[in-house]
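[1] coordinates for the following, if possible.
(one chain, ligands or ions: 1)
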Amino acid sequence: MLEFLADNWVLVAVALGSGLMLLWPALTGGLAAGVNPTQAVQMINRDKAVVIDVCTPAEFAAGHVAGARNVPLDELATRLPQVVKNKATPLVLVCASGVRSRRAAAIAKKLGYDKAVSLAGGLAAWRAASLPVQTGG
Ligand SMILES: O=S(=O)([O-])[S-]
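    Purely as a prediction, here's the structure:
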């Protein structure tokens, strides 16, 4: 165990870091920071929310929230209305760690998607919560 920690201190540091990032929204407060993975799952299951991954296609192929659609951030404004026609649809925006998805949620709201939220902590938080991740385009 100790040997594992010593050999894999980078992994340990990343795990601690992502743990802190999970806490961060709670500390900084509010929905502006986005929803946590549990809240996102509830939105998906209960409200039939659509998950939009705003990463690049390469990042998306390497791993994404199961069932997510890929609309890279720089194409969001033009492509989102084609991908999700009904603006009343709840959206969960996801990226690697929550920075781009926050911007994406703001863009989606401006486009009229009032129920757009960002997954705080991004795919890292999703993985940390042991939720399903898919690979491939
Ligand atoms: O995915 S990220 O924009 O948070 S680095």
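
[2] what sits against the spatially most central residue of the chain?
    Nearest residue to the geometric centre of the chain (CA atoms, centre = their mean): residue 94, 2.5 Å. With contact taken as CB atoms under 8 Å, 6 or more residues apart in numbering, residue 94 is in contact with 51-55, 64-65, 68, 101, 118-119, 122-123, 126. To be clear about C-beta, it is placed using only N, CA and C from the backbone, and glycine gets the same treatment.

[3] next, it: phi, psi?
    phi -130, psi 140 (degrees, to the nearest 10).

[4] now the residue nearest to residue 120 when sequence neighbours are not counted: how far from residue 135?
    Nearest non-adjacent residue to residue 120, counting by CB to CB, 6 or more residues apart in numbering: residue 34, 3.6 Å away. With distances taken as CB to CB, to the nearest Å, residue 34 is found 24 Å from residue 135.

[5] and for residue 57, the neighbour number?
    By other CB atoms under 10 Å, 11 other residues sit near residue 57.

[6] go on, residue 60?
    24.

[7] next one: residue 48
    Residue 48 has 9 nearby residues by other CB under 10 Å.

[8] also residue 54?
    29.

[9] same check on residue 114?
    12.

[10] tell me the residues of the chain that contact the ligand?
    With CB under 6 Å from any ligand atom as the criterion, the chain comes near the ligand at residues 95-100, 122.
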